[in-house]
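Enquirer: how would this look folded up:
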Amino acid sequence: MVQHSSPAARRLRTLAIAPLIGLLAACNQAVLNPAGDVARQQRDIIYISTGLMLLIIVPVMILIVVFAWRYRQGKGGTYDPEFDHSTTLELVIWSAPLLIIIMLGALTWSSTHLLDPFRPLDRVASGQEASAPNTPPLRVQVVALDWKWLFIYPEQGIASVNELVLPVNRQVRFDITSSNMMNTFYAPTMAGMIYAMPGMQSTLHAVLNRPVESEGFSANYSGAGFSDMRFRLYGVQEPRFEQWVEQARQSGQVLDGPSYRRLVQPSERVPAMRFAGVRSDLFQRIVERCVEPGTPCMSELMRHGQSGGHTMTPRGGSLPQGDRPEGGAIDPSRETGTRPVPGTPVRQPGVIAPNAEHDKDLGNTPEAGSPPPAEPQA
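Expert: Below is the predicted model:
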């Protein structure tokens, strides 16, 4: 005769099994299985912080049971209704948490400076100093789009979408921004979370120490396609990285002004794409919000305000000093034609008028030797 368990018994079994399933699911989390030195140090901080907090939590949990048993009212108990103070107990209660707080504060202060994302790495691995001066960090420019990730390799002259390939044991400098909405660049097996904000540039220094195939994503809600805003992270040996660069150069697509404006349109679940060429000033234009034709760059607005024009409040300004991309709507000497005739429609910024020479985008002209732009794959 088959006996069926009651619904209450099934619920109890489910509640008993759920914690075990949770523990098993956390066995291979990327945060606790790092592939880079920065992520490894961050994992160690988690372990140390957890251990310090357990120095308080575990004794308190034990003492709750001990006190309840020892000072119970009844046979064998030490019940004392007149008890109101113990100097020794007060010292233990206050000194132990205070020491834990001091140690956690010292750990936080030191790790905050040691793992400052803007600070170049002193080492690429434990006991191994950073790259030699003749091997500078690999530069990767990261742009958070809706809802995909764009990675530009300025030194190699290539770009990719939702695919980040890095050589192992080489320091990488990420310059991070966003096209439209605040996001968070997060590759847990490599380093911590860094915000990507429109009109601003963040920096992250990190390294991978072993070949790995992992995933990165946005950790900041940014709309309908947020859940699928993920990219594949590959840590490969240097020869394999050079091979991937050559494959990207043979893709036949060029990332210039028009192709970027098509790419920036919101889209979800975008497959990995590669670009054989990239405009050298595209990332700066994205940061300074002047990719659209006729839109002035923030640096030009600030120079215009300092030279006697209207004062403008900058939206960013974290780019290094030097040559900045020029816009096309500030200096009258660069404009062609005359003032608009009364009654004619006024051209809005970003709207391209047919055959208007002054509306040509600087990004429309391919660099010398680069193939013509092609439509990016959906």
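Enquirer: C-alpha from now on. contacts and neighbour counts both.
Expert: Will do.
Enquirer: and Arg43, what does it touch?
Expert: Taking Cα atoms under 8 Å, 6 or more residues apart in numbering, we find Arg43 in contact with Val31, Leu32, Pro34.
Enquirer: now Gly216: which helix or strand?
Expert: For Gly216, the element it lies in under DSSP states H and E is strand 212-218.
Enquirer: and that strand, C-alpha only, in PDB?
Expert: Only the C-alpha atoms of strand 212-218 are listed here, as PDB (Å, rounded to 0.1, in the frame of the first residue of the first chain):
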ATOM      1  CA  VAL A 212      39.600  31.700 -18.400                       C
ATOM      2  CA  GLU A 213      36.200  31.900 -20.100                       C
ATOM      3  CA  SER A 214      33.800  33.900 -18.000                       C
ATOM      4  CA  GLU A 215      31.100  36.400 -18.200                       C
ATOM      5  CA  GLY A 216      30.700  40.100 -17.300                       C
ATOM      6  CA  PHE A 217      27.600  42.200 -17.000                       C
ATOM      7  CA  SER A 218      26.000  45.400 -15.900                       C
END
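Enquirer: pull the contacting residues for Glu155.
Expert: Residues near Glu155 by Cα under 8 Å, 6+ apart: Arg139.
Enquirer: right, and the secondary structure at it would be what?
Expert: Going by DSSP: H, G, I helix; E, B strand; the rest coil, the secondary structure assigned to Glu155 is coil.
Enquirer: roughly how far apart are it and Val278?
Expert: Separation of Glu155 from Val278 (Cα to Cα, to the nearest Å): 10 Å.
Enquirer: now do the top helix by length along the chain: distance to the chain's middle.
Expert: Once the chain is assigned using DSSP state H, the helix that runs over the most residues is helix 37-70. Offset of helix 37-70 from its chain centre (Cα atoms, centre = their mean, to the nearest Å): 30 Å.
Enquirer: do stretch 259-274 as well
Expert: Worked out by Cα atoms, centre = their mean, stretch 259-274 lies 18 Å from the chain centre.
Enquirer: average pLDDT across it?
Expert: The pLDDT scores in stretch 259-274 average 93.
Enquirer: which parts of it are buried?
Expert: For stretch 259-274, the neighbour count (16 or more other Cα atoms under 10 Å) marks Ser259, Tyr260, Leu263, Val264, Val270, Ala272, Met273, Arg274 as buried.
Enquirer: with stretch 107-119 instead?
Expert: Neighbour-count burial for stretch 107-119, counted by 16+ other Cα under 10 Å, picks out Leu115, Pro117.
Enquirer: other residues contacting that stretch?
Expert: The contact list for stretch 107-119 (Cα under 8 Å, 6+ apart) reads Val38, Ile45, Ser202, Thr203, Leu204, His205, Ala206.
Enquirer: just how off-centre is it within its chain?
Expert: Worked out by Cα atoms, centre = their mean, stretch 107-119 lies 17 Å from the chain centre.
Enquirer: what's the answer for stretch 246-255, then?
Expert: 25 Å.
Enquirer: what's the end-to-end length of it?
Expert: This stretch, stretch 246-255, spans 16 Å end to end (Cα to Cα).
Enquirer: buried ones in that stretch?
Expert: For stretch 246-255, burial by neighbour count (16+ other Cα under 10 Å) applies to Ala248, Arg249, Gly252, Gln253, Val254, Leu255.
Enquirer: got phi/psi on the last one?
Expert: The phi and psi torsions at Leu255 (degrees, to the nearest 10) take the values phi -100, psi 100.
Enquirer: give me the beta-bridge partners of it?
Expert: Note on Leu255: beta-bridge partners Val278, judged by DSSP bridges.
Enquirer: got a pLDDT number for it?
Expert: 93.
Enquirer: now the buried residues of stretch 259-274 as a markdown table including secondary structure?
Expert: Listed next are those as a markdown table, based on three-state DSSP:
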| residue | secondary structure |
| --- | --- |
| Ser259 | helix |
| Tyr260 | helix |
| Leu263 | helix |
| Val264 | coil |
| Val270 | coil |
| Ala272 | coil |
| Met273 | strand |
| Arg274 | strand |
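Enquirer: pick out whichever of the residues you listed sits closest to Gln73.
Expert: Minimum distance to Gln73 across the buried residues of stretch 259-274 is 68.3 Å, recorded for Val270 (Cα to Cα).
Enquirer: is that closest one in contact with Lys148, as I believe?
Expert: Yes: using Cα atoms under 8 Å, Val270 is in contact with Lys148, at 6.8 Å.
Enquirer: what touches both of the two?
Expert: Joint contacts of Val270 and Lys148 (Cα under 8 Å, 6+ apart) are Asn162.
Enquirer: about what we covered before: need the max-distance pair from the contacts of stretch 107-119.
Expert: The most widely separated members of these, counting by Cα to Cα, are Ile45 and Ser202 (23.1 Å).
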